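Asks: Structure of the sequence below:
(one chain, ligands or ions: 1)
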Amino acid sequence: MPNDSLEKLTQAANSYKAILNSMEEWVVIVDHQAKIFFINRPYARFLGVKADDVKGKKVTDVIENTRMHITVQTGKAERLSFQKILGSNMIASRFPIISQGNIIGAVGTVIFHDTHEWKQINSHIKALLAEQDFFQQKARSTDKSKNGANFHLNDIIGDSQIMKALSTKVTQVASGDVTVLIRGESGTGKELYAHAIHQLSDRADFPFIKVNCAAIPENLLESELFGYEEGAFTGAKKGGKAGKFQLANGGTLFLDEIGDLPRSMQAKLLRVLQDREVESVGGIKPTPLNIRLVTATHRPLESLIESGDFREDLYYRINVVSLTLPPLRERREDIPKLADFFLQKLSRRTGRRAPKLTVQALTAMLAYDWPGNIRELENVMEAAFYTSHDRKIPLSLLPAQLATAPSDYQASQAIPLTSLKEGTLKEQLNEAERSIIQATLIECGDNRTKTAKKLGISKSTFYEKLDKHGLS
Ligand SMILES: Nc1ncnc2c1ncn2[C@@H]1O[C@H](COP(=O)(O)OP(=O)(O)OP(=O)(O)O)[C@@H](O)[C@H]1O
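Replies: Below you'll find the predicted structure:
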């Protein structure tokens with residue numbers, strides 16, 4: 001091709017780029033392998049990437065919930081479908097690009113994004129989505145009545161060594177019918193683990209029934225646990241009532257706060273577990289028991305035995321395998337991921353883009369002792385999410401006790417620098433780069449000049465990297 005026409009072609013391509021870049025609609029073009037060929041500036045800006053940096057990348061690595069890779073596979077156009085990107089509900093269309101009968105790529109457009117106009121329409125659509133969610137949840141809860149366990153091991157967030165070791169132990173013990181005692185401070189995730197054990201067990205298709213021993217008055221506990229026959233006592237329901245033991249038949253019974261079980265009930269529970277049969281209040285014939293027992297407590301059972309508040313023989317019955325969940329302050333490296341997890345969860349629930357923690361806010365969170373553990377972290381993130389503007393959570397939005405956390409804690413050490421993950425070498429290097437920058441920023445008290453100097457890079461490269469990793 002003569003040079004002058006190549007020049008014209010380049011000029012023409014540049015003019016098209018200029019047109020596409022000035023459009024309000026977001027545009028992305030991918031090649032036949034679903035790799036980005038072109039993305040217009042407004043779209044790249046929203047995604048927080050540079051158009052040139054993502055050229056050649058797999059579209060699925062850059063755009064959340066995209067279906068462009070499917071369009072190039074099927075050749076089918078999709079018009080005006082919902083797509084959730086970074087917490088916002090968008091309307092996207094995708095068309096295959098066909099040349100001489102072959103699919104050579106696809107072009108996608110997104111209309112109605114976070115503009116004023118969209119926000120107005122968005123609230124209307126959100127109401128519709130909320131309605132849809134309601135019905136989906138209803139359908140799910142009907143499903144739940146078959147099982148009742150809502151969490152799986154994958155729902156438990158934590159990459160620290162201690163959490164990985166716990167996951168391994170759970171996988172090892174879950175499949176057998178062994179009785180498990182889960183220990184840990186309040187809010188460390190004991191209930192989550194009980195669900196996960198059930199889901200991984202052979203009993204997963206049968207019910208998971210939870211009883212909070214501390215929440216039921218002593219005089220009702222026996223009938224709640226073992227059920228009662230019609231006429232067993234004044235006020236008993238016609239036809240009687242099945243107890244939690246009977247409801248859990250074939251599945252798992254989770255006795256939460258077992259340390260709070262009154263002594264009188266401890267004796268009855270022990271008898272049921274020894275005889276492996278249960279008799280309802282006012283009943284005459286015991287029924288055989290087919291349950292797996294999982295219990296949990298935040299109380300020191302050994303001291304309760306010493307003080308005579310907990311039966312030693314029951315302790316040995318329930319403590320066949322024990323899982324001890326660490327308090328959050330002993331696995332601080334999980335804090336950034338947990339915080340992000342809760343912010344993303346809120347973003348999905350509300351349709352609002354998830355804000356990011358500033359370095360000072362994260363530093364304070366890493367130094368704080370979290371007496372309420374993950375439940376407290378979840379609550380703090382929820383409050384910050386709703387009060388944040390500007391897509392940032394500064395230290396001022398966190399509760400006062402966090403701002404006065406002990407300063408001698410080396411917060412930067414809590415950022416894991418070497419956790420091997422799945423993904424290509426490039427993806428893992430990228431993740432490592434983000435962690436190193438974050439840890440150094442924290443170490444340098446968010447002083448950017450000092451951080452760039454320590455990392456041995458120029459200020460402009462440093463700011464580019466902050467932008468790239470969403471740390472600015
Ligand atoms: N590793 C985790 N990953 C994600 N969420 C978690 C994790 N651990 C706990 N949570 C969340 O923290 C909250 C508290 O967890 P959970 O109720 O299981 O704690 P607990 O130890 O049983 O508390 P308590 O002793 O007060 O009953 C829940 O909302 C749970 O979903």
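Asks: burial measure for the residue of the chain found nearest the ligand, as a count.
Replies: Residue of the chain nearest the ligand, by Cβ to the nearest ligand atom: residue 189 (2.7 Å). C-beta coordinates here come from the backbone N, C-alpha and C atoms, glycine included. Residue 189 is flanked by 24 other residues according to other Cβ atoms under 10 Å.
Asks: ok, it to residue 195 distance?
Replies: 10 Å (Cβ to Cβ, to the nearest Å).
Asks: Can you tell me which residues in the stretch 101-250 of the chain are near the ligand?
Replies: Taking Cβ under 6 Å from any ligand atom, the part of the stretch 101-250 of the chain that reaches the ligand is made up of 156-158, 184, 186-192.
Asks: In the chain, what helix or strand scores lowest on average pLDDT?
Replies: Ranked by mean pLDDT, DSSP states H and E, the helix or strand of the chain with the weakest confidence is helix 116-144, at a mean of 54.
Asks: Please list the residues outside the helix or strand immediately after it in the chain that contact it.
Replies: Using DSSP states H and E, the helix or strand that follows helix 116-144 in sequence is helix 161-174. Here helix 161-174 makes contact (Cβ atoms under 8 Å, 6 or more residues apart in numbering) with 153, 156, 158, 180, 193, 196-197, 200-201, 321, 323, 325-326, 330-331, 334.
Asks: which among the residues of the stretch 101-250 of the chain next to the ligand gets closest to residue 243?
Replies: Looking at these and their distance to residue 243, the nearest is residue 191, at 20.5 Å (Cβ to Cβ).
Asks: is it true that the closest one touches residue 208?
Replies: No: the pair residue 191 / residue 208 is not scored as a contact, 10.6 Å apart, by Cβ atoms under 8 Å.
Asks: The two - which one has more neighbours?
Replies: The residue with more neighbours, out of residue 191 and residue 208, is residue 208; 26 against 19, by other Cβ under 10 Å.
Asks: Please name the bridge partners of that one.
Replies: Taking DSSP bridges as the rule, residue 208 bridges to residue 252.
Asks: Contact partners for it?
Replies: Applying Cβ under 8 Å, 6+ apart to residue 208 gives the contacts 147-149, 194-195, 198, 248, 251-252, 254.
Asks: could you give the mean pLDDT of stretch 456-472?
Replies: The pLDDT scores in stretch 456-472 average 86.
Asks: ok, residue 60 - contacts?
Replies: 34, 66, 69.
Asks: can you pull the contacts of the residue nearest to the spatial centre of the chain?
Replies: Closest residue to the average C-alpha location of the chain: residue 341 at 4.6 Å, with Cα atoms, centre = their mean. Counting by Cβ under 8 Å, 6+ apart, residue 341 touches residue 157.
Asks: hang on, the earlier thing: mind listing which of the contacts of helix 161-174 are in helices?
Replies: 193, 196-197, 200 (DSSP state H).
Asks: Find the helix or strand that residue 56 is a member of.
Replies: Residue-wise, residue 56 maps onto no helix or strand under DSSP H and E.
Asks: brain fart, residue 94
Replies: strand 88-99.
Asks: Direction included, what does that strand pair up with?
Replies: strand 78-85 (antiparallel), strand 102-111 (antiparallel).
Asks: For that strand, buried residues please.
Replies: 88-97 (16 or more other Cβ atoms under 10 Å).
Asks: from those, which is closest to residue 440?
Replies: Relative to residue 440, the closest of the buried residues of strand 88-99 is residue 88; by Cβ to Cβ it sits at 31.7 Å.
Asks: Give me every residue in the stretch 351-472 of the chain lying close to the ligand.
Replies: Applying Cβ under 6 Å from any ligand atom, we find that the stretch 351-472 of the chain lies next to the ligand at 374-375, 378.
Asks: sorry, back to before: what sits in contact with each of residue 191 and residue 208?
Replies: Jointly contacting residue 191 and residue 208 under the rule Cβ under 8 Å, 6+ apart are residue 254.
Asks: Output stretch 210-219 as CSV - backbone C-alpha positions only.
Replies: Output of stretch 210-219 as CSV, limited to C-alpha atoms (Å, rounded to 0.1, in the frame of the first residue of the first chain):
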residue,chain,number,x,y,z
LYS,A,210,-29.7,-23.8,64.6
VAL,A,211,-30.6,-23.3,68.2
ASN,A,212,-29.3,-20.4,70.2
CYS,A,213,-29.1,-21.9,73.7
ALA,A,214,-28.6,-18.4,75.3
ALA,A,215,-31.7,-17.0,73.6
ILE,A,216,-34.4,-19.4,74.8
PRO,A,217,-35.8,-19.2,78.3
GLU,A,218,-34.9,-22.1,80.5
ASN,A,219,-38.5,-23.3,80.9
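Asks: which residues in the stretch 201-350 of the chain form helices?
Replies: Along the stretch 201-350 of the chain, counting by DSSP state H, counting those that start in this stretch, helices occupy 218-226, 244-247, 263-275, 301-306, 312-318, 335-350.
Asks: what helix or strand is residue 462 on?
Replies: Per DSSP H and E: helix 459-468 holds residue 462.
Asks: for the nearest residue to residue 274 once chain neighbours are set aside, what are its contacts?
Replies: If the residues on either side of it in the chain are set aside, residue 274 comes closest to residue 317, at 7.5 Å by Cβ to Cβ, 6 or more residues apart in numbering. By Cβ under 8 Å, 6+ apart, the contact set of residue 317 is 179, 270, 273-274.
Asks: Same list (the residues you listed) but as CSV, adding pLDDT and distance to residue 283.
Replies: Shown next, in CSV, are those (pLDDT from 0 to 100; distance: Cβ to Cβ, whole Å):
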residue, pLDDT, distance to residue 283
179, 95, 25
270, 92, 19
273, 90, 18
274, 91, 18
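Asks: Type out the PyMOL command that picks the buried ones from the residues you listed.
Replies: Only the buried entries of the contacts of residue 317 go into this PyMOL selection, using 16+ other Cβ under 10 Å:
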select buried, resi 179+270+273
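Asks: what residues are up against residue 102?
Replies: Going by Cβ under 8 Å, 6+ apart, residue 102 touches residue 32.
Asks: my bad, residue 426
Replies: No contacts exist for residue 426 under Cβ under 8 Å, 6+ apart.
Asks: which element is it on?
Replies: helix 425-443.
Asks: quick check: angle from the helix or strand following that helix to helix 459-468?
Replies: Later in the chain than helix 425-443, the nearest helix or strand by DSSP H and E is helix 448-455. Inter-element angle recorded for helix 448-455 and helix 459-468: 100 degrees (by axes from the mean of the first three to the mean of the last three Cα atoms, to 10 degrees).
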